[in-house]
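Trainee: this one's sequence-less:
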């Protein structure tokens, strides 16, 4: 039922409640009728009032709805007027929020989820992988070495774990499997939860946020190397669909455009460029997007552009992994 | 505690079902988490063995974790199972009556030396005699009881001194409770050993708790202990323990990296290694299902001269008529036969079906096996089917008779992460269905043939495909290769039939066990 119809129905029930109040002759019947009609009108009116509130007043959903309904019930007529005025005021004269010059930007899912307390030296996984290959099969230290991969970010640890799935030592294979399975299980459970939530009736804003989370979860499967081959393709498709669904529901934020750019880029789609540009237009810092734009330029064999883009990356924002690449292309000295 | 208390732990569904009881039997089967309360390959094997020796009587001691983890009897008990008792090692038991005591000085000296051996068996070989003595002290009339561990002054001193000397984890409370939790099943098993009915030979189907019970019984009665290991229990426990989230892990201010693992984790691993070693020391023969596992047993401390391999076998004649019931065309059906449990890695099969469905939309994936053993995993698998949009391609058929299924199947798929010698593959072979298996257990031998001096193993041909574990893309590609190429499929089917008829018949397996049982029973002078 639309909000207008709800408002109309609520007005009808409230008028009937007032009529019952006026006509009451001291008997219980009229009073009960008043309470019932007033209660019904309060609940019906609470919904359109809730929908008309600015988004930051709408959470948490159920307590806010309950508060409005109870307020309307205990202050018939006056409550109506008071709340309608409050809604009009909040919409016409929103609270002054000083412009700080900073926008709110969602981080890329992969990077956000990949971060662990305490930094890990980038060559650590290579050292562990080398140790696993060098130690003789049957050595108990191989299990310990594999166990040490738990301390590394998933994206770094997973290629080594996947390699160990083919190890001649069964204990090593099983432990590697268990460590990969643990991550898959966590992600698939989160995906399943989001999918189930999507099926329940929710507000557009909630559905939009849910879709954005779903996209990030599918992307994490790809980013961490947990989905391969057709399954990677399936995860990419689901992630893209979810991003697009979130955007259809009104999301126009830099993080989603950036994620879309990454998804299209790993698929080799030229539209990635447009998505990154939209992310920039929405406020994504240029230094975050530059390496990916440079990669797109490299794939398209526009090498001059690669040089220009990487030279533009501020030196203090170059990650250790990217440092030698930026140094090579920009001609800048690689400093630790 | 009264000795009879351990006789009566009942399964919920078994209430009212009278379990058979006897005064004595020929073979005492010691079974942990398997027949007759759990479906699966090991259970089927036990059932097969019992029925293959109708002239012998069997007494079963079933060891489980908690009663609520099991349903009722999953198998009809053959008439030669004359005795069945069930025990749940992780169910809460009332502690012994509390009263102050010093504890026997000599018994604790034995404990100390035995634990020195458990901690570093290679460095303290000389202390192995103390372990035997310790086992002797655990019996009803021995100098060591659960009360001594829980309440005696020497018991307290031993645990506090061991904590100071060895424990690298700062928490004494966790150390104290880990030690107590670890030893609780040991006391339980000693009470079971006190009351188990007299038999002429013991037969354990794993090391671990069942194997330790066998060790105690062998020591007390002097009767032989046969060990048949399907998987390698200690190895499987070790993997579980590496994954376990319930084990406490603290690092002190200067303490350790993640790679060190927790002290308690290492303690649990040593505990199961010790149980395995004790069982290997007591058992003769020690049977593996295939050569690689026999080598693993030797590496884990089994005396090589007592080990041998006896592969599983099936009644091929039961499945042979199915070959004629299949039409000319290869059915586009991939069938995974097995319980829906994590070790079978059903999720990799489901993921592989996504790849298969992309290339062969008419293909079906059947999962034939009970789902009740791990309901959460079953739900996870079903949600994965939905998540991959495979509702029309993947079906969960539950438990079925293989004779009703196999003639409709194009490829038997085994995606397990660990196996021994899977009966499901042998049943498929007998019905002429090739298999695509992960490279686990003896699957490589089943598909390609074993390395044999006479070359007969390999000469019979290739009966399917082998792929790495957790690789759905490769699993799907291998299955599609067989399903799409009738000539290859026919060749694999013929090789499968030849191999199972030559090397994996029930007659061969039963003949080998007849020799073992006869020798064990004769050792008692019968």
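Mentor: Cool, the structure landed. Everything numeric in this text was worked out from a predicted model, so none of it was measured. Numbering: from 1, shown residues only, chains lettered A, B, ... in the order given.

Trainee: Show me where chain A dips below the pLDDT cut-off.
Mentor: Scanning chain A for pLDDT under 70 picks out the ranges A:1-2, A:55-56, A:94-125, A:137-140, A:201, A:333-336.

Trainee: hmm, 50 instead?
Mentor: In the prediction, chain A carries residues with pLDDT under 50 at positions A:98-100, A:107-120, A:336.

Trainee: In it, which residue is most central in space?
Mentor: By C-alpha atoms, centre = their mean, the mean C-alpha position of chain A lies nearest to residue A:213, the distance being 3.4 Å.

Trainee: Just list the residues touching that residue, thanks.
Mentor: Contact analysis of residue A:213 by C-beta atoms under 8 Å, 6 or more residues apart in numbering or on different chains lists residue A:194. The C-beta positions use only the backbone N, C-alpha and C, and glycine is treated the same way.

Trainee: can I assume it sits in a helix?
Mentor: Yes: with DSSP: H, G, I helix; E, B strand; the rest coil as the criterion, residue A:213 is located in a helix.

Trainee: how close does the closest residue to residue B:391 other than its chain neighbours get to residue B:350?
Mentor: In space, and not counting its chain neighbours, residue B:391 is closest to residue B:385: 6.4 Å by C-beta to C-beta, 6 or more residues apart in numbering or on different chains. From residue B:385 across to residue B:350, the span is 6 Å (C-beta to C-beta, to the nearest Å).

Trainee: Tell me what residue B:204 is bridged to.
Mentor: Residue B:204 forms beta bridges with residue B:30, residue B:227, as assigned by DSSP bridges.

Trainee: got the residues of chain B near chain A?
Mentor: Contact residues (C-beta under 8 Å from any C-beta of the partner chain) of chain B with chain A: B:235, B:238-239, B:242-243, B:257-261, B:299, B:342, B:345, B:347, B:351, B:354-355, B:358, B:380, B:383-384, B:386-388, B:417-418, B:439-440, B:468-473, B:476.

Trainee: Now, of the residues you listed, which are buried?
Mentor: B:235, B:238-239, B:242-243, B:259-261, B:342, B:345, B:347, B:351, B:354-355, B:380, B:383-384, B:387-388, B:417-418, B:439-440, B:469-473, B:476 (16 or more other C-beta atoms under 10 Å in any protein chain shown).

Trainee: Filter those down to the ones in helices?
Mentor: Among those, the ones falling in helices (DSSP state H) are B:235, B:238-239, B:242-243, B:347, B:351, B:354-355, B:380, B:383-384, B:387, B:472-473, B:476.

Trainee: What number of residues are in the vicinity of the residue of the stretch 51-200 of chain A found nearest chain B?
Mentor: Ranked by C-beta to the nearest C-beta, the top residue of the stretch 51-200 of chain A for proximity to chain B is residue A:148, at 3.4 Å. Using other C-beta atoms under 10 Å in any protein chain shown, the number of residues around residue A:148 comes to 21.

Trainee: so how far is residue B:469 from it?
Mentor: According to C-beta to C-beta, residue A:148 stands 21 Å off from residue B:469.

Trainee: Enumerate every residue touching the residue nearest to residue B:391.
Mentor: By C-beta under 8 Å, 6+ apart, the residues touching residue B:385 are B:350, B:391, B:394.

Trainee: Surely the last one and residue B:363 touch.
Mentor: No: with contacts defined as C-beta atoms under 8 Å, residue B:394 does not count as touching residue B:363, sitting 10.0 Å away.

Trainee: what do these two both touch?
Mentor: Joint contacts of residue B:394 and residue B:363 (C-beta under 8 Å, 6+ apart) are residue B:353.

Trainee: Neighbour count for those two, which is higher?
Mentor: Per other C-beta under 10 Å, whichever of residue B:394 and residue B:363 has more neighbours is residue B:394, with 25 against 21.

Trainee: ok, the more buried one to chain A distance?
Mentor: From residue B:394 across to chain A, the span is 14 Å (C-beta to the nearest C-beta, to the nearest Å).

Trainee: Is residue B:169 in contact with residue B:177, as I believe?
Mentor: No: assessed by C-beta under 8 Å, residue B:169 is found out of contact with residue B:177, at 11.9 Å.

Trainee: more crowded one of these two?
Mentor: residue B:169 (22 against 13).

Trainee: Tell me where the stretch 1-150 of chain A has helices.
Mentor: In the stretch 1-150 of chain A, the helices defined using DSSP state H, counting those that start in this stretch lie at A:3-23, A:28-52, A:61-74, A:78-92, A:109-114, A:124-134, A:140-148.
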